[in-house]
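In: take this sequence and fold it.
(chains A and B)
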There are 2 protein chains.
Amino acid sequence: MTGTRLDVLAIGDAIVDVIAHVDEDFLVEERLVKGSMQVLDAEGAKRLYSKMPQAKETSGGSAANTMAGVAALGGRAGFVGQIADDQLGDIFAHDIRALGVEFRTAPLKGGLPTGRCLIVVTPDAQRTMNTFRGAAHELTVAALDGEQIRDSAILYLEAYLWRSKGPRAAMDDAMRIAHQAGRKVAFTLSDIACIAPHRAEMMAMIEAGAIDLLFANENEICELADLADRDSAVAAIQGKVPLLVVTCGADGALAIERGRRVEVPIARIGRPVVDTTGAGDLFAAGFLVGQARDRDLEQSLRIGAVAAAEVISHVGARPEAGLRELVEKL
Amino acid sequence: MTGTRLDVLAIGDAIVDVIAHVDEDFLVEERLVKGSMQVLDAEGAKRLYSKMPQAKETSGGSAANTMAGVAALGGRAGFVGQIADDQLGDIFAHDIRALGVEFRTAPLKGGLPTGRCLIVVTPDAQRTMNTFRGAAHELTVAALDGEQIRDSAILYLEAYLWRSKGPRAAMDDAMRIAHQAGRKVAFTLSDIACIAPHRAEMMAMIEAGAIDLLFANENEICELADLADRDSAVAAIQGKVPLLVVTCGADGALAIERGRRVEVPIARIGRPVVDTTGAGDLFAAGFLVGQARDRDLEQSLRIGAVAAAEVISHVGARPEAGLRELVEKL
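Out: Take a look at the predicted model:
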């Protein structure tokens, strides 16, 4: 994985997170399903925000968080995502560029505002996400730069954005460009809510060989396989992709590459778990950096596990100072 | 201090903080004086922001932070401050209302955007602030509600905002309304940069009896008295205000009321110091709540010291969960 200008280029949601701490009663009163991600319209987002306590704002977006992690780990990352020409868009663009991630997508003028994700964190450190997509899902093929895609060893796509029509057309184009240039395509299943309504198209895409590296957590792989048991689900999918990576919560993570299976436990870095937002995003970042540096499967999984452990030790879905040092200890 | 609908009503800067962690070299490269507050124009703010690393956004403003603290401690607080009709203004209004602070100031349309403060925190937990005031200093007399001022036991004003002409006219009016209704007026010196250019007017205001409770830190009281030594400065000012409260960094805090002097040490709550932003703001909050509940000088100082200790134990200038419990232990 050398010879390209970037290690990974992601296409994903350009979103600012609005994070507040709430008690369990808040989830009951607002009828929120703990740990889930739901999509809100502008009115629904306004209503929920009015009920939320004082919050902190940080740049987010699942694939964008992953690119932040890649850059924080010393990888060369790029991001394609649609912001609006507004203050939240300025914040998103500033933050991702400040991390050293290449971000060139022009802001959308006169349309929807920049997307945001209202995240409530309960005392058990679980996050419940409520997304107003805004400009993020207005992404079109016009946002793509073929040269940038060809210059990236891995193209990384998220199902959160893939499930919308316009963005999916852009992703289809990007996958074709990447494969024509001999690059790899990675895809994350994002959330169970992204899978069931699109299972047939998603399976067709996978079976057509469009995906070289599939990321899932245990719920998502079960949802994709439409099976209740994790091992059965992994068995059903592993033959359909060259490399399958599954995070299994407290059970750690596993990777299966052309029949060879490797497992690692979760990483312990001696810090309490504060906010689980971003765990999967940062796991993917660590794994991708490992792959970009030609580490083997086990080493790549371990880097992912440490990056996930770091991000859940503080509020917010992006790595803080010291992630690289943690990984270098490995 | 009973019989009024609110305990404290503040007039201050409506500002959103943009907080990033930097190393010492960043201060050198950007020629920033550690621990200071400087005012930037829109261009200067844009330039500095472009150099800053990824940041977190939280509502701020010195007097607004103090009202957040008053509310978090169970006091009844109100705030008057100028936001714009934009996303940062929405964030500011949401956060202060979510804390239970009464906030009615109408957003400014078509003018400057909502103000922000670019805060860089060095590894020694010191904060260096760079403020683009934006709409905040467009506050005028029209923003005042006489009934709200008369309904508040204490009117709390900050020098950060007072030094601008329009806001000062509003504050002059508010002080007159408060005193006519038999209410107390409190004033914080905010920062040494607010004092020297306005020392004569500030002293004239104090000597005219406009201020009942003056808050300062040790540098500010020296600057106001134009004396290098803290004890000499306190001695020079204490006879000019009914109640003088001075925070002295690691030496704790003191209050002098009509000749009676009380001192308390800093509070230790068993948490490391992470970010000193908001220490003075929250000290004032604790002291004001103590006064509103008819606690004596020593108790009021101790509540202030605990509130300050809590806010410096995490990133951001507003209290987090558990402040009230910490104070109830006293």
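In: got the residues of chain A near chain B?
Out: A:21, A:49-50, A:52-59, A:68, A:86-88, A:91, A:94-96, A:98-99, A:113-114, A:316, A:318, A:320-321 (Cβ under 8 Å from any Cβ of the partner chain). All C-beta spots, glycine's among them, are computed from the backbone N, C-alpha and C.
In: which helix or strand contains A:Arg116?
Out: Applying DSSP states H and E as the criterion places A:Arg116 in strand A:115-121.
In: picking up where we left off before, buried among the residues of chain A next to chain B? Make that a PyMOL selection.
Out: Filtering the residues of chain A next to chain B down to the buried ones (16 or more other Cβ atoms under 10 Å in any protein chain shown) takes a single PyMOL command:
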select buried, chain A and resi 21+49+52+53+54+55+56+57+58+59+68+86+87+88+91+94+95+96+98+99+113+114+316+318+320
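In: in strands, which of the residues of chain A next to chain B fall?
Out: A:His21, A:Lys56, A:Glu57, A:Thr58, A:Ser59 (DSSP state E).
In: now A:Arg170: which helix or strand?
Out: I think there's a mix-up here, since residue A:170 is Ala and not Arg. Per DSSP H and E: A:Ala170 is located in helix A:165-180.
In: now do the buried residues in the helix or strand A:Arg324 falls within.
Out: Secondary structure from DSSP H and E places A:Arg324 in helix A:323-328. Buried residues in helix A:323-328, counted by 16+ other Cβ under 10 Å: A:Leu323, A:Leu326, A:Val327.
In: could these go into CSV alongside distance to A:Asp172?
Out: Output for the buried residues of helix A:323-328, formatted as CSV (distance: Cβ to Cβ, whole Å):
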residue, distance to A:Asp172
A:Leu323, 33
A:Leu326, 37
A:Val327, 34
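In: just the CA trace of the helix holding A:Arg324, in CSV.
Out: Taking C-alpha atoms only, helix A:323-328 is exported to CSV below (Å, rounded to 0.1, in the frame of the first residue of the first chain):
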residue,chain,number,x,y,z
LEU,A,323,-3.3,8.5,20.5
ARG,A,324,-0.2,8.0,18.4
GLU,A,325,1.9,7.4,21.6
LEU,A,326,-0.6,4.8,22.8
VAL,A,327,-0.3,2.9,19.5
GLU,A,328,3.4,3.2,19.4
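In: how far off centre is it?
Out: 20 Å (Cα atoms, centre = their mean, to the nearest Å).
In: what packs against it?
Out: Applying 3 or more Cβ pairs under 8 Å, 6 or more residues apart in numbering or on different chains; DSSP states H and E, we find helix A:323-328 packed against helix A:62-72, helix A:297-311.
In: A:Val33 is in what secondary structure piece?
Out: For A:Val33, there is no enclosing helix or strand under DSSP H and E.
In: I'd say it and A:Thr128 touch.
Out: Yes. The pair A:Val33 / A:Thr128 is scored as a contact, 7.0 Å apart, by Cβ atoms under 8 Å.
In: looking at these two, which is more packed in?
Out: The residue with more neighbours, out of A:Val33 and A:Thr128, is A:Thr128; 21 against 10, by other Cβ atoms under 10 Å in any protein chain shown.
In: the more buried one sits in which helix or strand?
Out: A:Thr128 belongs to strand A:127-132 when elements are defined using DSSP H and E.
In: so which elements touch that strand?
Out: strand A:37-39, helix A:42-51, strand A:115-121.
In: to the chain's geometric centre, what's the distance from the longest one?
Out: The chain centroid and the centroid of helix A:42-51 are separated by 24 Å, computed with Cα atoms, centre = their mean.
In: again with the first one
Out: The gap between the average C-alpha position of strand A:37-39 and the chain average comes to 15 Å, counting by Cα atoms, centre = their mean.
In: partner strands of it, parallel or antiparallel?
Out: strand A:127-132 (parallel) (DSSP bridges).
In: who touches whichever helix or strand comes after the partner strand?
Out: Counting by DSSP H and E, the next helix or strand C-terminal to strand A:127-132 is helix A:146-150. If you take Cβ atoms under 8 Å, 6 or more residues apart in numbering or on different chains as the criterion, helix A:146-150 is touched by A:Leu6, A:Leu9, A:Gly78, A:Val80, A:Glu102, A:Arg104, A:Leu155, A:Ala174, A:Ile177, A:Ala178, A:Ala181, A:Arg183.
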